[in-house]
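Trainee: Got a sequence here, can you build the structure:
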Amino acid sequence: VAARVGSELVRLTDDYFIKILEDGRPEIKLVRPGRDWNASSIEEVTVQVEASDDYALESLQLRYAVNGGDWQSVPLSAEGQQVQLDHVFLLEQMQDADVNLQAGDLITYYAEAKDKEKTTSTNMYFIQVQPFDRRYTQSQQGGAAGQQGSEQAEISQRQKEIIVSTWNLIREKAEAGGEVKDTTKDNAVLLSGLQTTLAEQARTLAERTRARELNADEQIATFVEHLDKAAEAMAPASEKLGELSLEEAIKPEQEALQHLLRAEAVFTDMQVAMQQQGGGGGGGGRAGQDLAEMF
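Mentor: This next block holds a predicted model:
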């Protein structure tokens, strides 16, 4: 700052500088529950989002999909540089809205923050719908039944890992400004192969079950039906991964997981029933034991 005194310009202050800084990406995380969650179809699940930006947040939203359906957006207030907000998933209202949630159904969700130019997303998490009576506890799955149940759960866990890995590649691509790096291509091809392998395993189990004519039992027939549908959904997922259409691969991947979880719920029902009957008895019990042995 200077002032003109007569014909002379007189400095009044020191020099000051305006330094141009690079615009940082928003930071966002889901702090609650902060992990995958199990809930009955009438529960309320609270999700807490924390977000901040070096200048100001422009928008904040929670995005979710039910059973691999279209993504739904829940706008959240994004005033200021730092916010902490809660959103409650009312699972009972989702059921009233003709979603008809049942054991084995799946809600996938993540949060997204934007500033003037950049977007950041959180990890992807799952809410898995379980029965009201919560029969699926570790104490009830003791002994061999527990081991067989965990082997069935391993199939759905592998599918979850494929979904999460695909989502991480999508985030990696977004952070690179849409550029697909060589490592992203390699990992997408790897995931495509893993998805194909998992589809073959699910299809093989279904075919062997039919070959043994175990699906005469109503529960096992339902189990096989969900395995078939899971394998069907995995085919386009693998194809999209191979084509590097990562965003398009997420939906069939979720559909496959939902059917695997429903198959898992049916399988666990059979294991619980077998334990209550003392390990067998009746055609259904023997069929359940044969199915467990195939794992």
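Trainee: For Ala3, give me phi and psi.
Mentor: phi -130, psi 140 (degrees, to the nearest 10).
Trainee: residues near Thr46, how many?
Mentor: Thr46 is flanked by 11 other residues according to other C-beta atoms under 10 Å. C-beta: built from backbone N, CA, C; applies to glycine.
Trainee: any idea how far Ala256 is from it?
Mentor: 28 Å (C-beta to C-beta, to the nearest Å).
Trainee: can you give me the helices for this structure?
Mentor: 91-94, 143-175, 182-211, 218-242, 246-276, 282-294 (DSSP state H).
Trainee: Any chance of these in a markdown table with mean neighbour count as columns?
Mentor: Formatted as a markdown table, those follow (neighbours: other C-beta atoms under 10 Å):
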| stretch | mean neighbour count |
| --- | --- |
| helix 91-94 | 16 |
| helix 143-175 | 18 |
| helix 182-211 | 17 |
| helix 218-242 | 21 |
| helix 246-276 | 23 |
| helix 282-294 | 17 |
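Trainee: between these, which gets nearest to Ala113?
Mentor: Among the helices of the chain, helix 143-175 comes nearest to Ala113, with 12.3 Å by C-beta to C-beta.
Trainee: State the mean pLDDT of that closest one.
Mentor: The average of the pLDDT scores along helix 143-175 is 79.
Trainee: wait, Leu191 sits on Ile163?
Mentor: No: applying C-beta atoms under 8 Å, one finds Leu191 not in contact with Ile163, separated by 9.6 Å.
Trainee: hey, which helix or strand in the protein has the poorest pLDDT?
Mentor: helix 282-294 (a mean of 64; mean pLDDT, DSSP states H and E).
Trainee: who's in contact with the residue nearest to Ile107 when sequence neighbours are not counted?
Mentor: In space, and not counting its chain neighbours, Ile107 is closest to Ile127: 4.1 Å by C-beta to C-beta, 6 or more residues apart in numbering. Ile127 makes contact with 36-39, 45, 89, 91, 106-109 under the criterion C-beta atoms under 8 Å, 6 or more residues apart in numbering.
Trainee: Poorly predicted segments of the protein, please.
Mentor: 95-99, 133-152, 214-216, 276-288, 291-292, 294-295 (pLDDT under 70).
Trainee: Identify the bridge partners of the nearest residue to Val49 once chain neighbours are set aside.
Mentor: Residue nearest to Val49 in three dimensions, not counting chain neighbours: Ala111, with 4.8 Å by C-beta to C-beta, 6+ apart. Listed by DSSP bridges, the beta-bridge partners for Ala111 are Leu62.
Trainee: give the contact list for Ala111.
Mentor: 28-30, 47, 49, 51, 60-63, 76, 121-122.
Trainee: Please check those residues and keep the buried ones.
Mentor: 28, 30, 47, 49, 51, 60-63, 76, 121-122 (16 or more other C-beta atoms under 10 Å).
Trainee: Let me know the closest of those to Ala3.
Mentor: For these, the residue nearest Ala3 by C-beta to C-beta is Ala51; the value is 45.8 Å.
Trainee: separation between that closest one and Thr122?
Mentor: 9 Å.
Trainee: Give me the common contacts of those two.
Mentor: Joint contacts of Ala51 and Thr122 (C-beta under 8 Å, 6+ apart) are 28-29, 111.
Trainee: how about the residues you listed in JSON lines, adding distance to Phe17?
Mentor: As requested, these are exported to JSON lines (distance: C-beta to C-beta, whole Å):
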{"residue": "Ile28", "distance to Phe17": "32"}
{"residue": "Lys29", "distance to Phe17": "35"}
{"residue": "Ala111", "distance to Phe17": "37"}
